[in-house]
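In: Need coordinates for the below:
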Amino acid sequence: LPPGSFLAQVKNHLGENAQGMALTWRQPHQSEKSTQWAASLGYDVEQFDEGNLMLHYASGAVTDAVLGGVGKDREIASLVVDADTRFADGRWGVVYGGRIDQYSDFGSQISPRTGLIFLPTPDTAVKLLYGRAFRAPTVAELYFVSIDGTGYGGNPNLGPETIDALELALESGGQARYGA
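Out: Numbers count the residues shown, from 1 in each chain. The predicted structure follows:
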């Protein structure tokens, strides 16, 4: 702190940027007994491209500093495949598929999903669904470095989160859908 002053205000600014592209192919249903599928290839880049800190002191002094972690990035290549097959005059269906992601900093991740769907009436669906989800920490969550003494900052040892979910759902009203 400058002599004779105390900290009045701290402003942190983070700038994350993400860009990417995906190419998707779809095959529509031909009848109630057919299989519909979709496949997608994707590529994304996430960047922690800006970070600064401004400390405003009661004396009027201002300190401005660039935070650590700037310039860190992540690349993600992905393949997603989803399908659903209908049978028994379209009253039953199975959804299945998953995604494979290749992270430049976390390696390969596989997230499968599957489900069984029954349509007892045209406006009611009973669904038994399973899926695994994956979430990587953001680049800022990993690498942001605070120099203001608040202790807030990234953790380069932070790991990804995964969840396995099993769901039984009853959907009613309107026209029932096959989608999970």
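
In: pull the helix or strand with minimum mean pLDDT from this structure.
Out: Least confident helix or strand of the chain, by mean pLDDT, DSSP states H and E, is strand 62-66 with a mean of 55.

In: so what does the helix or strand that that one is followed by touch, helix or strand wise?
Out: Going down the chain from strand 62-66, the next helix or strand is strand 72-87, by DSSP states H and E. Counting contacts by 3 or more CB pairs under 8 Å, 6 or more residues apart in numbering; DSSP states H and E, strand 72-87 packs against strand 35-57, strand 92-103, helix 139-143. The way it works is simple: take the backbone N, C-alpha and C, and place the C-beta from them, glycine included.

In: Contacts for the second one, please.
Out: Applying CB atoms under 8 Å, 6 or more residues apart in numbering, the contact partners of strand 92-103 are 74-87, 108-119, 129, 132, 134, 136, 178-180.

In: surely Lys72 meets Val139?
Out: Yes: look at Lys72 against Val139 with CB atoms under 8 Å: they come within range, at 5.2 Å.

In: Looking at these two, which is more packed in?
Out: Shown here are Lys72 and Val139; by other CB atoms under 10 Å, Val139 has more neighbours (23 against 20).

In: Who are the contact partners of the more buried one?
Out: Val139 touches Glu16, Glu46, Gln47, Phe48, Gly69, Lys72, Asp73, Arg74, counting by CB under 8 Å, 6+ apart.

In: Recalculate using a threshold of 7 Å.
Out: Glu16, Glu46, Gln47, Phe48, Lys72, Asp73, Arg74 (CB atoms under 7 Å, 6 or more residues apart in numbering).

In: partners of Arg132 in the sheet?
Out: Bridge pairing for Arg132 (DSSP bridges) gives the partners Asp164.

In: Burial check on it, number of neighbours?
Out: 15.

In: Spit out the residues that contact Lys72 and Val139 alike.
Out: Between them, Lys72 and Val139 share these contacting residues under CB under 7 Å, 6+ apart: Phe48.

In: Where does pLDDT dip in this structure?
Out: 1-15, 29-33, 49-71, 144-153, 174-180 (pLDDT under 70).

In: again, only using 50
Out: 1 (pLDDT under 50).

In: Specify the local secondary structure of Pro137.
Out: coil (DSSP: H, G, I helix; E, B strand; the rest coil).

In: Many thanks, we can stop here.
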